[in-house]
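**Student:** Structure here, sequence nowhere to be found:
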């Protein structure tokens, strides 16, 4: 195999891992960073931050590969996904499974230095990531399952920092489930017609004509849960200002999705990186800049 062929394979693997589309990594990373900051009271160890950041990238990449493997016979019939490497039969199933295994192994090796329950939680996270793609065949709201899978860095972060998850950790995971229901329903609205034809179940199909309302209700529940967390931890105005910014971003998403235009729904999905960033910025402002802002 010459250099050109090696480069071609690497390009295909990059697309399979979605390294060219970082939005998915950010949707996993923001909740994990929020958990690290809250659990450590704004003072996470930087090696731990790098471990979780790189682990998030690796596990998201592995999840994408597994997702494309599970959907390899469906994706050719969906306009947005028909050119994916597995759907186009440019990568073999054996290559894909090997790549997913290597990525998952590398992610697990990253957490070996961390003691406590993190290892067991990592195994659960791996199971969730590997099983999520198959829930679209029988579960009416696979996006809720995705929210647990995408948010499992939260309990792992709490366990790594404090040795236990605790009520706040599980509450943050619940918030992440509703956030994922919101943004991934927006994503599913893009493919609704294709998904109906091939028989895949999504929240956009389940919610039907109430899809826009359901998305906004999920944003609202997410923010209410985060407000409860802030009150429980006695956070001040910087934290709630971050939630206010996130609420305005959610309002902007309503303008994008209210007509159910495919481009608008996809833009709203991608824009959720700013929703997560706003929440994280509020946490950082509260825990790291709070005394200075109060002076």
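**Tutor:** In hand now; what should we look at? The structure displayed is predicted, hence computed values, not measured ones.
**Student:** okay, CA-based contacts and neighbour counts for the rest of this
**Tutor:** OK.
**Student:** Does anything pack onto whichever helix or strand residue 248 is part of? Which helices or strands?
**Tutor:** Secondary structure from DSSP states H and E places residue 248 in helix 237-257. In terms of contacts (3 or more Cα pairs under 8 Å, 6 or more residues apart in numbering; DSSP states H and E), helix 237-257 is packed against helix 211-232, helix 262-288.
**Student:** contact partners of that helix?
**Tutor:** Contact with helix 237-257 is made by 186, 212, 216, 219-220, 223, 226-227, 230, 264-265, 267-268, 271, 274-276, 278-286, 290, as judged by Cα atoms under 8 Å, 6 or more residues apart in numbering.
**Student:** Other residues contacting the helix or strand harbouring residue 127?
**Tutor:** According to DSSP H and E, residue 127 maps onto helix 118-135. Here helix 118-135 makes contact (Cα under 8 Å, 6+ apart) with 59, 63, 66-67, 70-71, 104, 108, 111-112, 142, 145-146, 148-150, 152-153, 155-156, 159-160.
**Student:** same thing with stretch 19-39?
**Tutor:** 14, 42-44, 49, 52-53, 56-57, 60-61, 150-151, 153-155, 157-158, 161-162, 169, 172, 176, 270, 272-273, 276-277, 279-280, 283-284, 287.
**Student:** what's the answer for stretch 52-69, then?
**Tutor:** By Cα under 8 Å, 6+ apart, stretch 52-69 touches 16-19, 24-25, 28-29, 32, 75, 84, 86-87, 93, 96-97, 99-101, 103-104, 106-108, 110, 126, 129-130, 132-133, 153, 157.
**Student:** What's the mean pLDDT across stretch 207-218?
**Tutor:** Averaging pLDDT along stretch 207-218 gives 93.
**Student:** Look at residue 23 and say how many residues are nearby.
**Tutor:** Counted with other Cα atoms under 10 Å, the burial measure for residue 23 works out to 16 neighbours.
**Student:** Residue 116 versus that one, what's the distance?
**Tutor:** Going from residue 23 to residue 116 by Cα to Cα, to the nearest Å gives 31 Å.
**Student:** Please apply the same query to residue 258.
**Tutor:** 46 Å.
**Student:** List the buried residues of the helix holding residue 127.
**Tutor:** Residues 118-119, 121-122, 125-126, 128-133, 135 are the ones in helix 118-135 that count as buried (16 or more other Cα atoms under 10 Å).
**Student:** right, and the helix or strand after it?
**Tutor:** helix 142-151.
**Student:** what's next to the following helix or strand past that next one, contact-wise?
**Tutor:** As assigned by DSSP H and E, the chain's next helix or strand after helix 142-151 is helix 153-162. Around helix 153-162, the neighbours that count as contacts under Cα under 8 Å, 6+ apart are 28, 31-32, 34-36, 39-40, 44, 52, 56, 114-118, 121-122, 125, 164-166, 169-170, 172-173.
**Student:** Relative to the whole chain's centre, how far out is helix 153-162?
**Tutor:** The chain centre lies 16 Å from the centre of helix 153-162; the measure is Cα atoms, centre = their mean, to the nearest Å.
**Student:** Which SSE is immediately downstream of that helix?
**Tutor:** helix 166-190.
**Student:** now the contacts of stretch 19-39: which count as buried?
**Tutor:** Neighbour counting by 16+ other Cα under 10 Å classes 42, 44, 49, 52-53, 56-57, 60-61, 150-151, 153-155, 157-158, 161, 169, 172, 176, 270, 272-273, 276-277, 279-280, 283-284, 287 among the contacts of stretch 19-39 as buried.
**Student:** could you give the mean pLDDT of stretch 21-38?
**Tutor:** Rounded mean pLDDT across stretch 21-38 is 94.
**Student:** Next, the buried residues of it.
**Tutor:** Buried residues in stretch 21-38 (16+ other Cα under 10 Å): 23-38.
**Student:** Give me the residue ranges of the chain where confidence is low.
**Tutor:** Residue ranges of the chain with pLDDT under 70: 1-3, 290-291, 293-295.
**Student:** how many other residues sit next to residue 111?
**Tutor:** When neighbours are counted by other Cα under 10 Å, residue 111 comes out with 18.
**Student:** So for stretch 11-24, first residue to last residue, what's the gap.
**Tutor:** End residues of stretch 11-24 are separated by 18 Å (Cα to Cα).
**Student:** can you give me how far stretch 134-145 is from the chain middle?
**Tutor:** Counting by Cα atoms, centre = their mean, stretch 134-145 comes out at 15 Å from the chain centroid.
**Student:** picking that back up, dump the buried residues of helix 118-135 into JSON lines; add distance to residue 245 as well.
**Tutor:** Shown next, in JSON lines, are the buried residues of helix 118-135 (distance: Cα to Cα, whole Å):
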{"residue": "118", "distance to residue 245": "32"}
{"residue": "119", "distance to residue 245": "35"}
{"residue": "121", "distance to residue 245": "32"}
{"residue": "122", "distance to residue 245": "32"}
{"residue": "125", "distance to residue 245": "30"}
{"residue": "126", "distance to residue 245": "33"}
{"residue": "128", "distance to residue 245": "31"}
{"residue": "129", "distance to residue 245": "30"}
{"residue": "130", "distance to residue 245": "34"}
{"residue": "131", "distance to residue 245": "34"}
{"residue": "132", "distance to residue 245": "31"}
{"residue": "133", "distance to residue 245": "32"}
{"residue": "135", "distance to residue 245": "33"}
